[in-house]
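> Sequence first, then the predicted structure:
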Amino acid sequence: MFVILSLFCFGVYLLAPNKQAKANPKQTAPVSPMPTEAGRVCKVMTGLSEGRVNLRACDGTSCPVLLILVEGQALTIIQAGAWNQVITDDGATGWVNSNYCKGK
């Protein structure tokens, strides 16, 4: 009896109208908001005249190093955060700690 009742309730749930869809028929799939800093250019700033920073494959120090960036190198931010996803002038894409990616 419990199984039949459970299946009936589940079926009713599946057939129930989606009230959100009816409330706004033009509703589209949710779009992730773009960070406000996306597209902004920053420069590698370590505070050392010959400083170097790792461009990594993901957002963390355990991620593989893709390139070594040099002091003053320009980067374009794709996604901002504690780790910025960036693209270099040469087209390499990766992640750099935001502490070393300062406004131009």
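Sure, I can see it.
> nearest residue to S98 other than its sequence neighbours?
N84 (5.0 Å; Cβ to Cβ, 6 or more residues apart in numbering). C-beta coordinates here come from the backbone N, C-alpha and C atoms, glycine included.
> how about the strands in the protein?
In the chain, the strands defined using DSSP state E lie at 41-44, 52-56, 65-70, 74-79, 83-88, 93-97, 101-103.
> Which residues does T76 form beta bridges with?
Counting by DSSP bridges, T76 forms beta bridges with V41, I87.
> tell me the contacts of it?
Neighbour list for T76: G39, R40, V41, V86, I87 [criterion: Cβ atoms under 8 Å, 6 or more residues apart in numbering].
> just V44 next, same as before
When contacts are counted by Cβ under 8 Å, 6+ apart, V44 touches G51, V53, L69, V70, E71, G72, Q73, L75, V96, Y100, C101.
> Show me which of the residues you listed are buried.
Those of these that meet the buried threshold are V53, L69, E71, Q73, L75, V96, Y100, C101, by 16 or more other Cβ atoms under 10 Å.
> Cool, thanks, talk later.
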